[in-house]
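A.B. asks: quick one, structure for this:
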Amino acid sequence: MIASPCINICKMEAQTGLCTGCFRTIDEITAWSRIGDADRQAILIAITRRRLEHPLSKQELPSDNDRHR
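C.D. replies: Coordinates of the predicted model:
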């Protein structure tokens, strides 16, 4: 079973409709636990493409210290 790409930075970006942490749509996030590995693999491929198309600046990602508060 393919593990979730969630990195516990869960914030949906209004402009793109993507989570700023894992680059999934809300539909992909909610479906993840119900879909098989083939569909999960397709989402992971889409995430890779999205990361290249919509790179986040370092300002948008919290530092390691912020994540552990």
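A.B. asks: pLDDT at Cys19, what is it?
C.D. replies: Looking at Cys19, its pLDDT reads 96.
A.B. asks: in stretch 27-45, which residues are buried?
C.D. replies: By neighbour count on 16 or more other Cβ atoms under 10 Å, the buried set for stretch 27-45 is Glu28, Ile29, Trp32, Arg40, Ile43, Leu44. The C-beta positions use only the backbone N, C-alpha and C, and glycine is treated the same way.
A.B. asks: now do Glu53, the pLDDT please.
C.D. replies: 89.
A.B. asks: what's the burial count for it?
C.D. replies: Using other Cβ atoms under 10 Å, Glu53 is surrounded by 10 other residues.
A.B. asks: how close does it get to Ala3?
C.D. replies: 23 Å (Cβ to Cβ, to the nearest Å).
A.B. asks: picking that back up, relative to Asn8, which of the buried residues of stretch 27-45 is nearest.
C.D. replies: Distance to Asn8, by Cβ to Cβ, is smallest for Ile29 among the buried residues of stretch 27-45, at 12.5 Å.
A.B. asks: re the thing from before, okay if I get the buried residues of stretch 27-45 as CSV plus secondary structure, distance to Gly21 and pLDDT?
C.D. replies: Shown next, in CSV, are the buried residues of stretch 27-45 (DSSP: H, G, I helix; E, B strand; the rest coil; distance: Cβ to Cβ, whole Å; pLDDT from 0 to 100):
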residue, secondary structure, distance to Gly21, pLDDT
Glu28, helix, 13, 98
Ile29, helix, 10, 98
Trp32, helix, 13, 98
Arg40, helix, 17, 98
Ile43, helix, 14, 98
Leu44, helix, 14, 98
